[in-house]
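Engineer: Dropping the sequence and predicted coords here.
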Amino acid sequence: MTITATATAAPFRFFDLRVLRAVRVSPAMIRVTFGGDDLATAVSGGRDQRFKLFLPQPGQDTPVLPEDLGEGWYAQWRAQDPAVRAVMRSYTVRDLREDPAELDVDFAVHGDANGHGGPATNWAQAARPGDRVAVLGPVVEDNGGVDFQPPAGTDWTLVTADETALPAVAGILTWLPAGTRAKVWIEVPHADDVQDLPTAASAEITWLVRSPGHASPLVDAVRAAELPTGTPYSWIAGEAGMVRTLRRHLVGERGFDRRAVSFTGYWRRGASEEDLLAELS
């Protein structure tokens, strides 16, 4: 279907986009660049700006969306046949450029290239120029889709993430003002997944590489760390179990103000996004 400019869900709207190129950034990351006629009207609040990505089902050329893409789109999407409706996933803006208008999205991929991953992994590994998707993205900077919100009086920032939240960490580090103190831990599956993350902040970035068959090293690393003095703000994102454990540690054992801890489970071990949506119904 063709998405028109009148299809809105303020302060977001739907965009009909096509793949321009896809590049393997690292063993666990593929960067897909999208373009579209109306993409120039999209904006980003920076940091961990999220949006909804709609992918076609296997065998489809374009994602199947509700006819009415106004404020009631979600209920209508839920009412569609799950085997036919577009696959919906939440992603972070890796980069949004104006000239030319392009959107970069980094996909953390799991499984091999033979269709043995989840729907988004399979799609990203097979993405080719011209492939069609839809995006529900922001059209104003203050859009409610940014969770990284340090309160006034913050002295330093703690950021913890696994590879699924790596694009958000990159956006946060780009946004942080010069000289801002930050302690950052990022867990990835391969040493070759380590990236250069430019920032003007005074950031100490620690990369942790998981060992196959072993538990996440991120929680133990933060527990053992010597943290700065002063008023902290923490942002935690990644696998839901890890996120819960770290939040409890920071609030219960480190004495962080719970209002100064932003946390998001990007995924949950053993559960797909469809499973999580079903729990909400």
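Structural biologist: Nice, thanks for sending it over.
Engineer: Show me where this structure has its helices.
Structural biologist: 73-79, 119-126, 166-175, 218-224, 240-248, 273-280 (DSSP state H).
Engineer: Point out where the stretch 101-250 of the chain drops to low pLDDT.
Structural biologist: The model of the stretch 101-250 of the chain has pLDDT under 70 over residues 111-116.
Engineer: how about a cut-off of 80?
Structural biologist: Along the stretch 101-250 of the chain, segments meeting pLDDT under 80 span 110-117, 212-215.
Engineer: Need the helices of the chain in JSON lines (columns: mean neighbour count and distance to P100).
Structural biologist: (C-beta placed from N, C-alpha, C; glycine too.) Listed next are these as JSON lines, based on neighbours: other Cβ atoms under 10 Å; distance: least, Cβ to Cβ, whole Å:
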{"stretch": "helix 73-79", "mean neighbour count": "14", "distance to P100": "28"}
{"stretch": "helix 119-126", "mean neighbour count": "20", "distance to P100": "22"}
{"stretch": "helix 166-175", "mean neighbour count": "24", "distance to P100": "20"}
{"stretch": "helix 218-224", "mean neighbour count": "16", "distance to P100": "37"}
{"stretch": "helix 240-248", "mean neighbour count": "18", "distance to P100": "36"}
{"stretch": "helix 273-280", "mean neighbour count": "11", "distance to P100": "31"}
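Engineer: Which one of the ones you listed lies nearest to S26?
Structural biologist: In terms of Cβ to Cβ, the element of those nearest to S26 is helix 166-175, at 9.3 Å.
Engineer: Using JSON lines, please lay out the helices of the chain together with distance to T157.
Structural biologist: Converted to JSON lines, the helices of the chain look like this (distance: least, Cβ to Cβ, whole Å):
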{"stretch": "helix 73-79", "distance to T157": "33"}
{"stretch": "helix 119-126", "distance to T157": "29"}
{"stretch": "helix 166-175", "distance to T157": "8"}
{"stretch": "helix 218-224", "distance to T157": "13"}
{"stretch": "helix 240-248", "distance to T157": "14"}
{"stretch": "helix 273-280", "distance to T157": "28"}
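Engineer: These: which one's closest to A108?
Structural biologist: helix 166-175 (7.0 Å).
Engineer: Can you list the neighbours in contact with that closest one?
Structural biologist: 29, 46-49, 91-94, 105-106, 108, 148, 159, 161, 182, 184, 186, 188, 193, 195, 197-199, 201, 203, 205, 235, 237 (Cβ atoms under 8 Å, 6 or more residues apart in numbering).
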